[in-house]
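In: Just a sequence and a predicted model for now, questions to come.
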Amino acid sequence: MAGFKFKVKLVLQQTTDKSKLTPLRCFVRYNNTRAVFASGIYIEPRYWNQKSQEPRQAILFTDFEKVKASIKNLSKWIEQAFNQITTKTKEYPEPEALKELCLMLIKHDGELPGSKPIAKPLNFLEYIELVIADTKSGKRTLKGGKAFSKATPVSYNTTLGVLKSYLKYVGKDTLKFEDIDLEFYNDFKEWCYNVENFTDNYFGKNIKCIKTFMSEGLEAKLHTNTAHTGKRFITVQADVENVYLNQEQLEIIANFDFSKNLKAERVRDLFLVGCWTGLRFSDFSNIQPSSIQGDFLEIRTQKTGETVAIPIHPTIREIMKRYEGKTANSLPPSISNVKLNEYIKEAAKETKQLSVITSLEKARAGKKITLVKPLYELISTHTARRAFASNMFKMGVPSLVIMGVTGHRTEKAFLKYIKVTPKEKAEIMREIWNRQTMKVAN
């Protein structure tokens, strides 16, 4: 309200431990007085910027978005409490009264008991930020109360970034719920394809997230727009063609002498752990010593939360010999997914034998395009997982057994995922027939 001014400052409780979760105290200063109370927000001191009053963004600080959203909500609730009192009394609030009202709003997530929510997201992008924060904190869950995987908020944050880039291109500041209609869909699609050169599946993933946000916003009665449910507001999905390395190619990279390039050797070894476990990068790069149980790896996967058991392949045994006593799990030290994707291409190129020219078909804007590149340029961390699934299938391991590791829910989805040619499938069948014939003969 005009004439009544205040300032908010967050101050860390004093501590000498920079890595200990520490509460932020809130100081609301006005009219030569102040209200002081607990903000309900905790942060490690090393991640707090007192001058800017913001959390520092760092790779190890996984709660950055959560803390940032909490501070944003806190500022909003303090302003609402301050304005509510000054509007009613026409004078500055007593510190104790302001403190009590602010603590009540903090406790009830911006809602006063017995009243309607005081604050709702003003626009679509703000709502996405809240969904991301609630997903990370565990407030938002799957049906049955199960927590979302750590990859879910990452995917949501990617879509938020894509939408911000789109808005910058079209010269808009934000999006409202009512803006998400068929006209938006077509404009966004054109930008994704013609400006950003996205594939069909990448465009589809972003639309899938947008539809999720709109559906949950509709359910929460934040809007009444149902355009996202229309038949033409579709999530595009195309069959993906990607490379995998067969057993011969895996042996080439496993046997190559990288003694003069230790970085390449470590990257190669970590990549091979993925190739012979079938785990996602988040899992095979973070195997704990306790997960190594004799001849098996027993791991609780991050994405699904399910525990899988995988026999330790001889290749991994050889790798473990190299790192025994050097790392806690006798496996190569982890690096980021981005760096591994970059370095494994360099390592594969060094072998020379993985430079064979390879063509792949991709779907973009509903059309098939052909990419022609050396094999090493197409290798990534996901290649390892495909290599495991495809090679295990070619060895004759039953699909359901492999799916128990890869996490595929249906055999149809699994068979689309693996990279085995019709001829290779016929060869597998012939091998099985030959084994059966030999049994009968004996």
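Out: It's in.
In: Run a quick neighbour tally on I210.
Out: Residues lying near I210 (other Cβ atoms under 10 Å) number 23. Placement of C-beta: from N, CA and C, glycine included.
In: And K303, by the same measure?
Out: Neighbours of K303 under the rule other Cβ under 10 Å: 14.
In: didn't it look like it was pressed against R280?
Out: Yes: because the distance of 6.2 Å satisfies Cβ atoms under 8 Å, K303 is recorded as touching R280.
In: and R280, backbone torsions?
Out: phi -70, psi 160 (degrees, to the nearest 10).
In: just so I have it, where are all the strands in the chain?
Out: Secondary structure of the chain (DSSP state E): strands at 7-12, 22-30, 33-43, 48-49, 54-55, 292-293, 296-300, 307-311, 357-364, 367-374.
In: Next, report how far the last one is displaced from the centre of its chain.
Out: For strand 367-374, the distance between its averaged C-alpha position and the chain's averaged C-alpha position is 27 Å (Cα atoms, centre = their mean, to the nearest Å).
In: same question, the third one
Out: A distance of 32 Å separates the centroid of the chain from that of strand 33-43, by Cα atoms, centre = their mean.
In: Report the strands that pair with it, each with its relative direction.
Out: If you go by DSSP bridges, strand 33-43 pairs up with strand 22-30 (antiparallel).
In: could I get the partner strand in CSV with only the CA atoms?
Out: The C-alpha coordinates for strand 22-30 follow below in CSV (Å, rounded to 0.1, in the frame of the first residue of the first chain):
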residue,chain,number,x,y,z
THR,A,22,21.7,-23.6,8.6
PRO,A,23,18.5,-21.7,9.2
LEU,A,24,17.9,-18.2,7.6
ARG,A,25,16.4,-15.7,9.9
CYS,A,26,14.2,-13.0,8.5
PHE,A,27,14.4,-9.3,9.4
VAL,A,28,11.6,-7.0,8.2
ARG,A,29,12.6,-3.4,8.9
TYR,A,30,10.2,-0.5,8.8
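In: residues making contact with that strand?
Out: 4-13, 15, 34-39, 41-45, 48, 74, 78, 82, 92, 98, 102 (Cβ atoms under 8 Å, 6 or more residues apart in numbering).
In: can you check stretch 162-171 too?
Out: Under the criterion Cβ under 8 Å, 6+ apart, residues 125, 128, 173-175, 187-188, 191-192, 195-196, 206, 210 lie in contact with stretch 162-171.
In: P153: which of these is nearest?
Out: Lowest distance from P153 to the contacts of stretch 162-171 (Cβ to Cβ) belongs to I128, with 10.5 Å.
In: Report how many residues lie close to that closest one.
Out: I128 has 23 neighbours, counted by other Cβ under 10 Å.
In: just checking, it touches F213?
Out: Yes: the criterion here is Cβ under 8 Å, and I128 meets it with F213 at 5.5 Å.
In: what residues do those two have in common as contacts?
Out: Shared contacts of I128 and F213 (Cβ under 8 Å, 6+ apart): Y156.
In: mind listing what's buried in the longest helix along the chain?
Out: What stands out as the longest helix in the chain, according to DSSP state H, is helix 64-89. Buried residues in helix 64-89, counting neighbours by 16 or more other Cβ atoms under 10 Å, are found at 64-71, 73-74, 77-78, 80-82, 84-86.
In: so how many other residues sit close to K107?
Out: Using other Cβ under 10 Å, K107 is surrounded by 12 other residues.
In: who's in contact with it?
Out: The contact partners of K107, taken as Cβ under 8 Å, 6+ apart, are G40.
In: quick one: it from N341, how far?
Out: According to Cβ to Cβ, to the nearest Å, K107 stands 45 Å off from N341.
In: about what we covered before: pull out the buried members of the contacts of stretch 162-171.
Out: With burial judged by 16+ other Cβ under 10 Å, the buried subset of these is 125, 128, 175, 188, 191-192, 206, 210.
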